[in-house]
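> return a 3D structure for these sequence lines:
(one chain, ligands or ions: 2)
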Amino acid sequence: MATAAAALVATARLLLDGAIDLLYPPRCLVCGDFGPLYLCAACVSEFETAPGPACRRCGAEAERLPGAVERRTNLCRRCAGGQAFAFIAARGAFAYSGLVQTAIHRLKYDRRRRLAEPLAMAMLPALARAPFADRSFVLVPVPLHPSKLRQRGFNQAELLASTLAEQTGLPLILDAVRRVRATEPQARLKGRHRFANVEDAFEGVPGALAGLEVLLIDDVVTTLATANACSVALLRAGAQSIHVLALARGGGALPGDAAARPQE
Ligand SMILES: [Zn+2]
Ligand SMILES: [Zn+2]
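Ligands and ions are numbered 1, 2, ... in the order given. Predicted coordinates:
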């Protein structure tokens, strides 16, 4: 009954959002300024992009993790130390901090789904400048477990991927991978426990991605444990290769790293 009640609450919230939009003109859902957009240009201009060289594998930012990326190999300590990932490379469009963090919280926890479209638009320059930008990808969002989907009413990664697909013309594939195990929120766990927590949480449909190059889309990545577990399932679904693009990249879990550990 709890899940049915949660679904009802989620539906009621969506209806309420719709009613509010009829009564009031659009306003930026981050700063509150009235204007034609649900996310104003001034707020987007405050989003922090990755300031310097990133680990070519996992996208960890050198500047946020001082001394973390070796100049010679362009790998962070974790990747140079043999951290194995099922994807080829991962990038975040923005650093998970400041207004982008606020925007993601408003989208996910305050359920302001109208933020998804402008947030996806803000990801486009990062997609264009990513070292893997020239591939002919299919876009796959990281799926939510059905219980979480009922609770929230939408999958934020799917909303982001949907707008990215519209804008780029890349195909969107939604039914190739499922989240089959509800997991403890990653934010409550430390680095290596996050990998154990999401192991086998995803299941790929055999053959669904045969020979395709996948760009896996998520809202936030930190240790990349979730993206990695999902990538394993995508490979089982026949994907030829996987890259990851997230709206925001958290600090990661390097030893001594005190950066924020957002929920993945
Ligand atoms: Zn604003
Ligand atoms: Zn790395």
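> how about low-confidence regions in this structure?
For the chain, applying pLDDT under 70 flags the ranges 1-3, 17-18, 20-24, 50-53, 62-69, 252-264.
> tell me the SS of Leu247?
strand (DSSP: H, G, I helix; E, B strand; the rest coil).
> now the phi/psi pair for the closest residue to it other than its chain neighbours, please.
Leaving aside its sequence neighbours, Leu247 sits nearest to Asp219 (C-beta to C-beta, 6 or more residues apart in numbering; 5.0 Å). C-betas here are computed from N, CA, C, even on glycine. Dihedral pair for Asp219: phi -80, psi -50, per degrees, to the nearest 10.
> so Asp219 sits against Glu158, correct?
No. Assessed by C-beta atoms under 8 Å, Asp219 is found out of contact with Glu158, at 10.1 Å.
> mind checking if stretch 111-118 is in reach of ligand 1?
No. Applying C-beta under 5 Å from the ion, one finds stretch 111-118 separated from ligand 1 by no less than 9.9 Å.
> and that stretch, how far apart are its ends?
From its first residue to its last, stretch 111-118 covers 15 Å (C-alpha to C-alpha, to the nearest Å).
> quick one on the thing from earlier: list the contacts for the residue nearest to Leu247?
When the contact criterion is C-beta atoms under 8 Å, 6 or more residues apart in numbering, the partners of Asp219 are 104, 107-108, 156-157, 160, 246-248.
> for these, could you give me a markdown table that also reports neighbour count?
Listed next are these as a markdown table, based on neighbours: other C-beta atoms under 10 Å:
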| residue | neighbour count |
| --- | --- |
| Ile104 | 21 |
| Leu107 | 25 |
| Lys108 | 18 |
| Gln156 | 25 |
| Ala157 | 22 |
| Leu160 | 29 |
| Ala246 | 28 |
| Leu247 | 27 |
| Ala248 | 24 |
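> need the CA coordinates for the host helix or strand of Gln101. PDB is fine.
Element membership for Gln101, per DSSP states H and E: helix 98-108. Included here for helix 98-108 are C-alpha records, laid out as PDB according to Å, rounded to 0.1, in the frame of the first residue of the first chain:
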ATOM      1  CA  GLY A  98      26.800  25.600  -6.300                       C
ATOM      2  CA  LEU A  99      23.700  26.300  -8.500                       C
ATOM      3  CA  VAL A 100      23.900  23.100 -10.500                       C
ATOM      4  CA  GLN A 101      23.700  21.200  -7.200                       C
ATOM      5  CA  THR A 102      20.700  23.300  -6.200                       C
ATOM      6  CA  ALA A 103      19.000  22.700  -9.600                       C
ATOM      7  CA  ILE A 104      19.500  18.900  -9.300                       C
ATOM      8  CA  HIS A 105      18.000  18.900  -5.800                       C
ATOM      9  CA  ARG A 106      15.000  20.900  -7.100                       C
ATOM     10  CA  LEU A 107      14.600  18.500 -10.000                       C
ATOM     11  CA  LYS A 108      14.900  15.300  -8.000                       C
END
